[in-house]
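Asks: sequence? don't have it. structure:
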């Protein structure tokens, strides 16, 4: 009798939780289960993807793995994927995510490689990621979620995304705005000063990270994976922050170490006609679509015009300045 | 198997269901099999060690009970103690002793080459060894009859809710419960579940969130100035409390679902107004074990003053080493030993002060000052406990107040926390939920208890509270890929 009462109360208590699980399965904002089409793909992409690109892209990789990937932070996402596919005749998968850190980029490579061996991996990188303190740890938990539906159903991001997908489907309006709540000039200054301090105010050479990069290159070689690093450009205002924070030597060291990696490294992040022109940038850290097209053309088709190859000769030149 | 794993989520209801379906005379066997399965999920081969130590304690106790000759009794006792402590020493302290010997010889330039053994520390060995020692000693002193039924004794020795991290149950309390026929009780089951979820809440929502910052700072303390060091140290104090008391709550709750009553292991320790009081409220089963089997046999306080201080110090020093095979744990124990000695020395002065404030408004203030002081001392003592080595511990001790001049510069302060993989909202949740835990403890220490008060509330309010707890556990558990409990390593 007591046992039956307990089971009854337990079932009643669990009811809302079961209802929630059903709701998540039906809305499925990140196409985890990939069978419910109650809500449009567009609504999911506009809401879920903008809310958490990492989850969106990692789950996309799980469902539709590709042997060619582009990995990096929001600047990687600024590369025109369709254009790249067109000029290369391949099907690149974007594994970018907002504010992705270098350690996470490396983890993403292994994640994707586990699902399907990678033939070509293009990483975007910048000195502001090459810092011991530029660290985050999100990939592991998303990877665990990819393998466990319970984790998907009880995740704050998924709940939020589900809410926005439903809301935008009902109101027919995109719920997530990416427009900063300030004028363009104020936002520009905010990025240079506040973000500059965040990126360079606390710097330490990332020995572990560089070792992980070397290990990645070593692991890629036997399986014939072609690795490319694009040192993505920052606008000159942001580039000057490196000097402001007294990190010129560390910056050179970064370029030298990239040159020594033994893979194709193409550098766009130096003072040139493109990076000194604000019009080429959405903000000091993000190049615009046209500039992205130019970078993509140089990297994937050639020849290099603005981009320069960082190779052994470059490493030797850097070493002269450093020591 | 971890309490905070999905594995346990299926294991526990299955065991509970089978337990009540099983005839009473076979329940011990079911619990024995379930407990060994629980243990073997970690590393199956070490179940043999558990079985051997069970056999040693069982055999020694039977031997003691069958003879009247005090010398033979003593021989059984000492054989059991040497064997049990020998196993513990071999698996937990041998490499530590070898390393210490190497360091000592190196200091005097004496060449020595003792090989290190590649042994994995068996989970829960310190807990189940101490439980068996207390059993044999109690049988020797005639406080307890030796258990004749090997199966019942074996299940007492490995009862899964308390096997790997306590509470270190005394046989007088737990053993008879295996003979009691437990009927399923709705109220008991609900209160068990409540405790389990409260324990999971403390572990997953609070402790594991605080752990992010603690882990980052303590992994590389030299990269951080004073404020992160102070916050990480305070956070660790809260983390270890929520982690361990959370574990204990899940253990007690799980046992309660089966109709068993395990002892209380924590009684709002951070509201203690002195170090001795802290030890009467923190890890009660271990502190009472040390009191009964180390401190009192050494003479307790019924000796000269200096001998008493020595007894206090040595008890805490050993307690430190019990926690881990490292001098940093010993230092933590030694620090508490010193605090205990100082407290004993200054207790009359404090009592005199307390009597001066008695009846005045200032009395409450005086108590809170004592609580804050005790919390600070306990927190400072956590530094060597968490540091891993003396160099880091010393760095933290000496840099706790470095960079204090920049505290008001928000930007500069926030940059100090860079590189920890922190997510600000989670940190805020952790701080808020830590506050909830303290509030819970405060209410619990002043009245009947939070759950008892909640029982009197309407069902809607009760369920709302339960939902908050369950939802927080489910949603925060996402980022917690079944992290180990801190005390598992001991």
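Replies: Structure's in. What do you need? What you see is a predicted model, and the numbers here were worked out from it, not measured in a lab.

Asks: so how many other residues sit close to residue B:62?
Replies: 17 (other Cβ atoms under 10 Å in any protein chain shown). Placement of C-beta: from N, CA and C, glycine included.

Asks: hmm, residue B:146 and it touching each other?
Replies: Yes. Checked against Cβ atoms under 8 Å, the pair residue B:62 and residue B:146 is within contact range at 5.2 Å.

Asks: and stretch B:79-93, how far out from the chain middle?
Replies: 21 Å (Cα atoms, centre = their mean, to the nearest Å).

Asks: also stretch B:212-225?
Replies: With Cα atoms, centre = their mean as the basis, the mean position of stretch B:212-225 lies at 24 Å from the chain mean.

Asks: endpoints of it, how far apart?
Replies: One end of stretch B:212-225 sits 17 Å from the other (Cα to Cα, to the nearest Å).

Asks: got it, and stretch A:76-94?
Replies: 8 Å.

Asks: report the distance from that stretch to the chain centre.
Replies: Distance, centroid of stretch A:76-94 to centroid of chain: 15 Å (Cα atoms, centre = their mean).

Asks: list the buried ones in that stretch?
Replies: Across stretch A:76-94, burial judged by 16 or more other Cβ atoms under 10 Å in any protein chain shown covers A:76, A:77, A:78, A:79, A:80, A:81, A:83, A:84, A:92, A:93, A:94.

Asks: residues of stretch A:61-81 that come out buried?
Replies: Buried residues in stretch A:61-81 (16+ other Cβ under 10 Å): A:61-62, A:65-81.

Asks: ugh, wrong one, I meant stretch A:42-62
Replies: Applying 16+ other Cβ under 10 Å to stretch A:42-62 flags A:43-44, A:46-62 as buried.

Asks: neighbours around the residue of the stretch 51-200 of chain A found nearest chain B, how many?
Replies: Nearest to chain B, among the residues of the stretch 51-200 of chain A, is residue A:133, at 2.9 Å (Cβ to the nearest Cβ). For residue A:133, the neighbour count with other Cβ under 10 Å is 19.

Asks: the buried residues of stretch A:42-62 in helices, which ones?
Replies: A:43-44, A:50-51, A:53-62 (DSSP state H).

Asks: contacts only, for residue B:149.
Replies: residue B:28 (Cβ atoms under 8 Å, 6 or more residues apart in numbering or on different chains).

Asks: let me fix that, I meant to ask about residue B:396.
Replies: B:221, B:229, B:233, B:383, B:387.

Asks: rerun at 6 Å
Replies: Going by Cβ atoms under 6 Å, 6 or more residues apart in numbering or on different chains, residue B:396 touches B:221, B:229, B:383.

Asks: count of neighbours near the first one?
Replies: What it means is residue B:221. 23.

Asks: ok, the last one next?
Replies: Counted with other Cβ under 10 Å, residues neighbouring residue B:383 total 26.

Asks: likewise for the second one?
Replies: For residue B:229, the number of neighbouring residues by other Cβ under 10 Å comes to 24.

Asks: where along chain A do the strands fall?
Replies: A:68-71, A:93-94, A:120-125, A:226-231, A:264-267, A:281-283, A:286-287, A:308-309 (DSSP state E).

Asks: now those in JSON lines, with mean pLDDT?
Replies: Below are the strands of chain A laid out as JSON lines (pLDDT from 0 to 100):
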{"stretch": "strand A:68-71", "mean pLDDT": "95"}
{"stretch": "strand A:93-94", "mean pLDDT": "92"}
{"stretch": "strand A:120-125", "mean pLDDT": "95"}
{"stretch": "strand A:226-231", "mean pLDDT": "95"}
{"stretch": "strand A:264-267", "mean pLDDT": "94"}
{"stretch": "strand A:281-283", "mean pLDDT": "92"}
{"stretch": "strand A:286-287", "mean pLDDT": "94"}
{"stretch": "strand A:308-309", "mean pLDDT": "90"}
